[in-house]
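Enquirer: coords please:
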Amino acid sequence: MKQIFLLLILPTFLKAQKNYPELLDKYMRAAVEVNQFSGSVLIAKGDNIIYQKTFGTLDYAAIEKLDSNSMFELGIITEEFTAAAILLLRDEGKLNLSDAITKYFPELPYSNVTIQNLLTHTSGLPDYYDEVMKNKWGTKKYATNTDVIKSLAAAKLPLPAQPGTRFDEYRYFTDYVVLAAIIERVSGKSYAIFLQQKIFTPLHLSNTKVLTIVQLDQHSTSNHTERIYFDESRQQFFPADSFSYFGQEYWHITKNIVGGKGISSTAQDLFLWSRALHNQKFLSASSQKEMYMPSALRDTANNIYLGYGVLVGKNELGDFVQQRETGNNETLGYLNALMRYTTDDLTIINLANKAKTTSNINGTLAYILFDREIVPPYVHKAVAIDTTLLDHYVGNFESPSAAVYKKDGTLWMTNKGEPDLKLLPESNTKFFSPNKEYDWQIEFQTDAYGKVVKTYFIFSGLKKEAKRS
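Expert: This is a model prediction of the structure:
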């Protein structure tokens, strides 16, 4: 159900008569009050910022308030910078995307893997942790990208498929580690210094840095946010550093790695970065266009493709470019999103350091901007109703695909690939899931005889009519 509202239907202009900053702020204040949202939000139309605010605190102790200079780990959004750095080197004539990676690392046994394969996560290279370094590295020192290259060369594992033939989500973590190593080999500079000199400084990204988890653990940057994790089972926030699904060796292998992660930034800097790409102030026009070209199918259900370091797709009203971080073990506590709707030249940035599922607010913000109905967060309260009413609400729905059924005197909802959700009544016609991980509601519109004439699914504030099959 998390993917049902992934693609948004957007109108092509903002209606001037509405006070959008006020509408956005009203929603955000509800998100703060009900869902304890903590983070930074920036929305812009073209080069003009429509709304920009921060909410919450920098730290778990809730002592220091966030401000516009507060930095967040970007997680996988880092890939966009890595891909752009590769394209910049190509623009400067220092490499070609068709180059085999063995041109730069002849010790690797993968002469059929190209830089372009790495950019689109279709290399098929082994996962550097699970398949190459696990139970071999130890805990004496932190691994670098160079150590990953050496370990890949020593392991000599075969590729599971021909490069370029398929996107492999399980193994894709290695690709941008190798890309960062290529940047270092070609430029003769560290990944951090190259990005600072070639991207951050020229584009005036004053609060953007390459910071590994090792550096963040050392609190090397005073204005950096702390990761705050929400435990769904206990309905409580905890310092994310107190959670780990892996042992010490995992951290020694991954904490110092860059390329697919390792950049921290602010909403303001990400906006400047987005505009620099859009206005072709950084890459050549051909490279910028190529970066956003659909190259490998990522999501068959929603027709989302991989570009270079970004996700791209097309809905009913135009094209979009998307990069998001949903929070893995290394960035647990962050829920970040950078969305660019290229047809409407709209940028929506949300950086959150408290990772509740309900903190994924970008879709709702877009709905507000384009006059689609939303339901702001509020506290649900179950009430008693005549259970015979439930028989009117049972049925199958095709848009989005789901089924509503009755069990034990209440409604349940099922969707392929997701656990069934119990639905409690808050009125005769509106129901909500008590599962705190999902802000899921169903609303039925009935006529004078109790017959259902319309059904609405509401997920994370997005309200959409559901068609019966």
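
Enquirer: Pass me the low-pLDDT residue ranges in the stretch 201-350 of the chain, would you?
Expert: Applying pLDDT under 70 to the stretch 201-350 of the chain flags residues 244, 301, 315-318, 324-330.

Enquirer: what about residue 178, distance to residue 467?
Expert: 46 Å (CB to CB, to the nearest Å). Bear in mind the C-beta positions are built from the backbone N, C-alpha and C, glycine included.

Enquirer: who's more crowded, the two?
Expert: Taking neighbours as other CB atoms under 10 Å, residue 178 and residue 467 compare with residue 178 leading, 27 against 11.

Enquirer: Pop out the phi and psi values for the residue lying closest to the more buried one once chain neighbours are set aside.
Expert: Nearest residue to residue 178 in three dimensions, chain neighbours excluded: residue 118, at 5.7 Å (CB to CB, 6 or more residues apart in numbering). In terms of degrees, to the nearest 10, the main-chain angles of residue 118 are phi -60, psi -40.

Enquirer: ranges for the strands of the stretch 251-400 of the chain?
Expert: Secondary structure of the stretch 251-400 of the chain (DSSP state E, counting those that start in this stretch): strands at 263-265, 296-299, 304-306, 311-315, 318-325, 335-341, 346-352, 354-355, 395-399.

Enquirer: centre of the chain versus stretch 30-40, how much separation?
Expert: Centre-to-centre, stretch 30-40 and its host chain are 18 Å apart (CA atoms, centre = their mean, to the nearest Å).

Enquirer: meant to ask about stretch 347-362
Expert: 9 Å.

Enquirer: Kindly report the same for stretch 392-406.
Expert: Relative to its chain's centre, stretch 392-406 lies at 29 Å (CA atoms, centre = their mean).

Enquirer: now that stretch: mean pLDDT?
Expert: The predicted model assigns stretch 392-406 a mean pLDDT of 90.

Enquirer: Buried residues in that stretch, which are they?
Expert: For stretch 392-406, the neighbour count (16 or more other CB atoms under 10 Å) marks 393, 397, 402, 404 as buried.

Enquirer: Need the contact partners of it.
Expert: 1, 4-5, 390-391, 411-416, 423, 431, 442, 444, 446, 450-452, 455, 457, 464, 466-469 (CB atoms under 8 Å, 6 or more residues apart in numbering).

Enquirer: now do stretch 206-214
Expert: With CB under 8 Å, 6+ apart as the criterion, stretch 206-214 contacts 69, 71, 73, 142, 191-192, 195-196, 200, 220-221, 223-224, 251, 254-258, 262-266, 268-269, 273, 330.

Enquirer: Could you tell me the end-to-end distance of it?
Expert: Using CA to CA, to the nearest Å, the end-to-end distance of stretch 206-214 comes out at 21 Å.

Enquirer: about what we covered before: and the contacts of stretch 206-214, which are buried?
Expert: Buried among those (16+ other CB under 10 Å): 71, 73, 142, 191-192, 195-196, 200, 224, 251, 254-258, 262-266, 268-269, 273, 330.

Enquirer: Pull up the distance across stretch 87-107, start to finish.
Expert: Distance between the two ends of stretch 87-107: 24 Å, counting by CA to CA.

Enquirer: what about it, distance to the chain center?
Expert: For stretch 87-107, the distance from its own C-alpha centre to the chain's C-alpha centre is 28 Å (CA atoms, centre = their mean).

Enquirer: quick check, residue 146 in a helix?
Expert: Yes: remark: residue 146 belongs to a helix, assigned using DSSP: H, G, I helix; E, B strand; the rest coil.

Enquirer: Begin at 2, not 1, for the rest of this chat.
Expert: With the count now opening at 2, the last piece we talked about shows up as residue 147.

Enquirer: Tell me if I'm right that it and residue 182 touch.
Expert: Yes: counting by CB atoms under 8 Å, residue 147 touches residue 182, with 6.4 Å between them.

Enquirer: Pick out whichever of the two has more residues nearby.
Expert: Just comparing residue 147 and residue 182: by other CB under 10 Å the higher neighbour count belongs to residue 182, 23 against 12.

Enquirer: What sits closest to that one if chain neighbours are left out?
Expert: Leaving aside its chain neighbours, residue 182 sits nearest to residue 146 (4.4 Å; criterion: CB to CB, 6+ apart).

Enquirer: I'd like to know which elements the one helix or strand residue 194 maps to is packed against.
Expert: Secondary structure from DSSP states H and E places residue 194 in helix 192-196. Judged by 3 or more CB pairs under 8 Å, 6 or more residues apart in numbering; DSSP states H and E, helix 192-196 is in contact with helix 79-92, helix 174-188, strand 210-211.

Enquirer: re the thing from before, any idea of the pLDDT on the residue nearest to residue 179?
Expert: Reported pLDDT for residue 119: 96.

Enquirer: so what's it up against?
Expert: Taking CB under 8 Å, 6+ apart, one finds 102, 126, 176, 177, 179, 180, 183 in contact with residue 119.

Enquirer: is it true that the third one touches residue 122?
Expert: Just to be clear, that refers to residue 176. Yes: judged on CB under 8 Å, residue 176 makes contact with residue 122 at a distance of 5.3 Å.

Enquirer: can I see the domain layout of the protein?
Expert: Split into domains by automatic domain parsing, the chain comes to 9-375, 388-469.

Enquirer: Between these, which one is closest to residue 381.
Expert: domain 388-469 (4.4 Å; CB to CB).

Enquirer: Just give me how far the closest one sits from the chain centre.
Expert: 27 Å.

Enquirer: swap in stretch 225-236?
Expert: 17 Å.

Enquirer: now do stretch 253-271
Expert: 14 Å.

Enquirer: now do the same end-to-end measure for that stretch.
Expert: Start and end residues of stretch 253-271 are separated by 29 Å (CA to CA).
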